[in-house]
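**Q** please find the sequence and the predicted model below.
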Amino acid sequence: MNQIDVLAIASELYPLVKTGGLADVAGALPGALKPLGVRVRTLLPGYPTVLAGLETARTMRLLPDFYGGPAKLLSASAAGLDLFVLDAPHLYDRPGGPYAGLDGRDFGDNARRFAALARAGASIGQGLVPRYRPKIVHSHDWQAGLAAAFLTYDRGPRPGVVATIHNLAFQGQFDRRLLADLGLPTRAFTPDGVEYYGDIGFLKAAVRLCDRITTVSPTYAAEICTPERGMGMDGLLRGRADRLSGILNGIDTTTWDPARDPLIAARYDAQTLDARAANKAALQARLGLAQDRRAPLFGVVSRLSWQKGLDLLLAALPMLVAEGAQLALLGSGEPELERGFRQAAAAYPGQVGCVFAYDEPLAHQIQGGVDALMVPSRFEPCGLTQLCALRYGAVPVVARVGGLADTVIDATPMSLASGAASGVQFAPVETTMLESAVRRTLDLYRAPETWRRLQLNGMACDVSWAQSAKLYARLYADLITERAG
């Protein structure tokens, strides 16, 4: 196969900037595609953390008046990744996160900030950078969604466009009066273009105008075509079902490797699983939990939100602690949920320990130390935390939705008998069913040979990008062939 050049457009990328799984995917997929003859360069906004993390950078283009101010397009590298960076201080050099200020409120000019990112990506796709002409432009989520629109309405050459939906809940919908300000022609504002319920839809534009749509698990691809999970876009997605595919995310198995992880107290693998006990003890000490190696220790590494079902876990906590179990929680998000878990930690000292922050080392320590990892999401496009749990021998307890259903094999009598079980699933997603799943998990934990088999089954799963990268490479190649014909 000839080399395929792909320009990815993303609003975050690990390790330079991260708020969620999108960053992990954008950071790991290029490396997995490289051995398959696919060379990915990723366009990122020039946030301060991105610019500070670059190892090399040179200016490729000066953009004197670009969405309200001067900008530069940099060719750069960091962490083994080939990058373009849109260095536009008037858009990206500000305190806070990628999307919101220090007060937690979205920046008022997010429409312009991410239209600029998409515009830069579309221009690169059309040949803005000398001697670089990608065959594919791959946009990630709503922040890059307008790239498909610019490439559709421009008169220049158009590469193939792939749009990935990481979470349909975030769609990027903005006032229709911004159309000209965002650089879009009047003719784009139609139901077959960027118009979405009377306003401008960034993700809608991508879904309607791209050549291929992917999302991050097969089950989620089916779910978003239903009124219950389609979040207003199900009709459009059903109409383009022949263009839609679900490709599971993977994780970076170099970063997430219990045999080599420098962030955990004791390293281990499937042959030395007993060494894992030291990590449990270290985690209990870190979070002020009772030093009891026999106590079942549940973990959570998550954004604290309604989507993630953490209110259900709060409701189930009295039962969990009454059974003698412990909870280690890492996450931040909705103030009401943070308050609820803070109160739970005070009410159950030694049994509930919480850290309300983003803490990558602690995330590794939780994966390496808990007995079971809980992911009670109401919907979950893919989920990465349960993949890390499988890798680390923490038994996942998950809702039967989206990518959770695709990656965890429920410990039913049949799957246990066949030796395939790797975790516990529950449905429907409600408190009583979560409590039932916790009780089933505790029964399994109290049967040491069965529990060890669950752990080893999980650790034997291929949670890398290897298989999914092949599917992306094939999708790119098929699209190029289709367009050439």
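**A** Everything's here; your move. Bear in mind that the values here come from a model prediction, so they are computed numbers and not experimental data.

**Q** contacts and neighbour counts: CA atoms only from here.
**A** Fine.

**Q** identify the bridge partners of the spatially closest residue to Arg176 that is not a sequence neighbour.
**A** Closest residue to Arg176 apart from its sequence neighbours, by C-alpha to C-alpha, 6 or more residues apart in numbering: Asp199 at 4.5 Å. Assessed by DSSP bridges, Asp199 has beta-bridge partners Tyr196.

**Q** residue contacts, Asp199?
**A** Asp199 makes contact with 173-176, according to C-alpha atoms under 8 Å, 6 or more residues apart in numbering.

**Q** any idea how far Arg243 is from the residue nearest to Arg158 when sequence neighbours are not counted?
**A** Distances taken as C-alpha to C-alpha, 6+ apart place Leu151 nearest to Arg158, at 5.8 Å, with adjacent residues excluded. Remark: distance between Leu151 and Arg243 (C-alpha to C-alpha, to the nearest Å) = 18 Å.

**Q** tell me the domain ranges of this structure?
**A** Per automatic domain parsing, the structural domains of the chain span 4-250+466-484, 270-460.

**Q** how about TSV for those, with distance to Leu263 and mean pLDDT added?
**A** Below are the domains of the chain laid out as TSV (distance: least, C-alpha to C-alpha, whole Å; pLDDT from 0 to 100):
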stretch	distance to Leu263	mean pLDDT
domain 4-250+466-484	16	97
domain 270-460	6	97
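
**Q** out of those domains, flag the one nearest Asp257.
**A** Nearest to Asp257, of all these, is domain 270-460, at 7.2 Å by C-alpha to C-alpha.

**Q** what about that closest one, start to end distance?
**A** 8 Å.

**Q** run the chain-centre distance for that domain.
**A** 19 Å (C-alpha atoms, centre = their mean, to the nearest Å).

**Q** next one: stretch 466-480
**A** On C-alpha atoms, centre = their mean, the centre of stretch 466-480 falls 19 Å from the chain's centre.

**Q** export that stretch as CSV, just CAs?
**A** The C-alpha coordinates for stretch 466-480 follow below in CSV (Å, rounded to 0.1, in the frame of the first residue of the first chain):
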residue,chain,number,x,y,z
ALA,A,466,-3.7,-2.7,16.8
GLN,A,467,-7.0,-4.0,15.5
SER,A,468,-8.8,-0.7,15.4
ALA,A,469,-5.9,1.0,13.6
LYS,A,470,-6.3,-1.6,10.8
LEU,A,471,-9.9,-0.6,10.4
TYR,A,472,-9.1,3.1,10.2
ALA,A,473,-6.4,2.4,7.6
ARG,A,474,-8.8,0.3,5.6
LEU,A,475,-11.5,3.0,5.8
TYR,A,476,-9.0,5.7,4.5
ALA,A,477,-7.9,3.4,1.7
ASP,A,478,-11.4,2.6,0.7
LEU,A,479,-12.4,6.3,0.7
ILE,A,480,-9.4,7.2,-1.5
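
**Q** contacts made by that stretch with the rest, please.
**A** Contacts with stretch 466-480, where a contact means C-alpha under 8 Å, 6+ apart, come from 4, 29, 32-33, 36, 38, 135-136, 160, 211-212, 247-250.

**Q** in it, which residues are buried?
**A** Using 16 or more other C-alpha atoms under 10 Å as the test for burial, stretch 466-480 gives 466, 468-469, 471-473, 475-477, 479-480.

**Q** from those, which land in helices?
**A** Of the positions in these, 466, 468-469, 471-473, 475-477, 479-480 sit in helices, assigned by DSSP state H.

**Q** which of those sit farthest apart?
**A** Ala466 and Ile480 (21.6 Å).

**Q** count the neighbours of the residue nearest to Tyr348 when sequence neighbours are not counted for me.
**A** Leaving aside its chain neighbours, Tyr348 sits nearest to Val321 (7.8 Å; criterion: C-alpha to C-alpha, 6+ apart). Residues lying near Val321 (other C-alpha atoms under 10 Å) number 15.

**Q** and Val321, that one's in a helix?
**A** Yes: secondary structure of Val321 (DSSP: H, G, I helix; E, B strand; the rest coil): part of a helix.

**Q** against Arg155, how distant is it?
**A** Distance from Val321 to Arg155, by C-alpha to C-alpha: 63 Å.

**Q** mind putting the domains of the chain into TSV with distance to Trp256?
**A** Formatted as TSV, those follow (distance: least, C-alpha to C-alpha, whole Å):
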stretch	distance to Trp256
domain 4-250+466-484	11
domain 270-460	7
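
**Q** what about Ile213, helix or strand, and which?
**A** strand 212-215 (DSSP states H and E).

**Q** quick one: list the elements packing against the next helix or strand after that strand.
**A** As assigned by DSSP H and E, the chain's next helix or strand after strand 212-215 is helix 218-223. In terms of contacts (3 or more C-alpha pairs under 8 Å, 6 or more residues apart in numbering; DSSP states H and E), helix 218-223 is packed against strand 244-246, helix 402-407.

**Q** buried stuff in the helix or strand following helix 218-223?
**A** Using DSSP H and E, the next helix or strand after helix 218-223 towards the C-terminus is helix 234-239. Residues of helix 234-239 classed as buried by neighbour count (16+ other C-alpha under 10 Å): 234, 237-238.

**Q** and which of those is nearest to Leu51?
**A** Leu237 (36.6 Å).

**Q** find the nearest non-adjacent residue to that closest one, please.
**A** Excluding its sequence neighbours, the residue lying closest to Leu237 (C-alpha to C-alpha, 6+ apart) is Cys225, at 5.6 Å.

**Q** same question, Pro30
**A** That would be Val40: by C-alpha to C-alpha, 6+ apart, it lies 5.4 Å from Pro30.

**Q** same question for Phe114.
**A** Leaving aside its chain neighbours, Phe114 sits nearest to Gln143 (5.3 Å; criterion: C-alpha to C-alpha, 6+ apart).

**Q** the one you found: neighbour count?
**A** Neighbour count for Gln143, taken as other C-alpha under 10 Å: 26.

**Q** any idea how far it lies from Cys461?
**A** 33 Å.

**Q** ok, now Asp192?
**A** 42 Å.

**Q** likewise Arg339?
**A** Arg339 is 36 Å from Cys461, where distance means C-alpha to C-alpha.

**Q** more neighbours, the two?
**A** Cys461 (14 against 11).

**Q** run a quick check on the more buried one versus Gly393, I expect a contact.
**A** No: the criterion here is C-alpha atoms under 8 Å, and Cys461 misses it with Gly393 at 10.5 Å.

**Q** strands of the stretch 151-300 of the chain, start to end?
**A** Ranges of strands in the stretch 151-300 of the chain, per DSSP state E, counting those that start in this stretch, are 160-165, 173-174, 195-196, 199-201, 212-215, 244-246, 297-301.

**Q** need these in JSON lines with distance to Leu434, can you?
**A** Listed next are those as JSON lines, based on distance: least, C-alpha to C-alpha, whole Å:
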{"stretch": "strand 160-165", "distance to Leu434": "28"}
{"stretch": "strand 173-174", "distance to Leu434": "34"}
{"stretch": "strand 195-196", "distance to Leu434": "37"}
{"stretch": "strand 199-201", "distance to Leu434": "36"}
{"stretch": "strand 212-215", "distance to Leu434": "27"}
{"stretch": "strand 244-246", "distance to Leu434": "27"}
{"stretch": "strand 297-301", "distance to Leu434": "13"}
